[in-house]
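Student: Provided below for reference: sequence and predicted model.
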Amino acid sequence: MPVEIQQRTSLGFKDLSMSFQKNPLTNDLIALNHANAIAQSVKNLVLTDPGERFFNPDLGTGLSESLFENVDIISASQVQVYVETTIQNYEPRVRLQEVIIVPDFDNGIFNATVKYEIVGIDVPQQALAFPLVKTR
């Protein structure tokens with residue numbers, strides 16, 4: 001079931017950096033704001049497998065099985081559906097525009113590009129590109 005969002009005002013969005021590095025001036029953890037926070041969230045969501053998050057066992061794409069399949073057009077379309085469905089269901093701060101999955105036959109990976117608009121703040125359309133690599 002999709003998560004609903006309340007409209008944000010000019011406050012924007014804020015999240016912690018996954019590097020967990022400290023700011024040298026304030027000694028606080030480095031924070032990501034607005035578009036960077038959303039981009040980190042979208043990427044983490046795509047790379048999460050169902051069952052990895054406590055109290056939300058359905059969250060995630062389930063890509064780990066698909067990444068060990070043959071790298072071909074059929075697998076790419078299956079990965080694309082997984083990514084689209086997960087973002088639409090679990091990231092209410094974005095309005096998904098397009099997901100492009102391109103197989104890289106030479107390296108045995110998929111390259112993902114996710115294009116989206118952020119709901120509630122006035123920024124241009126965002127494009128996030130990253131490889132989907134076998135990690136286990």
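Tutor: Done, it's in. Numbering: from 1, shown residues only.
Student: Please make it C-alpha for all contacts and neighbour counts, starting now.
Tutor: OK.
Student: Count the neighbours of residue 106 for me.
Tutor: Residues contacting residue 106 under the criterion other Cα atoms under 10 Å number 7.
Student: Let's verify it: helix, strand, or coil?
Tutor: Here residue 106 is recorded as coil under DSSP: H, G, I helix; E, B strand; the rest coil.
Student: just residue 128 next, same as before
Tutor: Applying three-state DSSP: residue 128 is strand.
Student: From residue 120, how far out is it?
Tutor: Look at residue 128 and residue 120: by Cα to Cα, to the nearest Å, they are 19 Å apart.
Student: go on, residue 64?
Tutor: 32 Å.
Student: same thing with residue 99?
Tutor: Separation of residue 99 from residue 120 (Cα to Cα): 21 Å.
Student: ok, now residue 42?
Tutor: Distance, residue 42 to residue 120, using Cα to Cα: 16 Å.
Student: what about those two, which has more around it?
Tutor: The neighbour count for residue 42 versus residue 120, taken as other Cα under 10 Å, is higher for residue 42 (21 against 17).
Student: per-residue confidence at that one?
Tutor: pLDDT for residue 42: 93.
Student: What strand or helix carries it?
Tutor: helix 34-47 (DSSP states H and E).
Student: for residue 54, same thing?
Tutor: According to DSSP H and E, residue 54 maps onto no helix or strand at all.
Student: Neighbours of it, how many?
Tutor: Around residue 54 there are 9 other residues, counting by other Cα under 10 Å.
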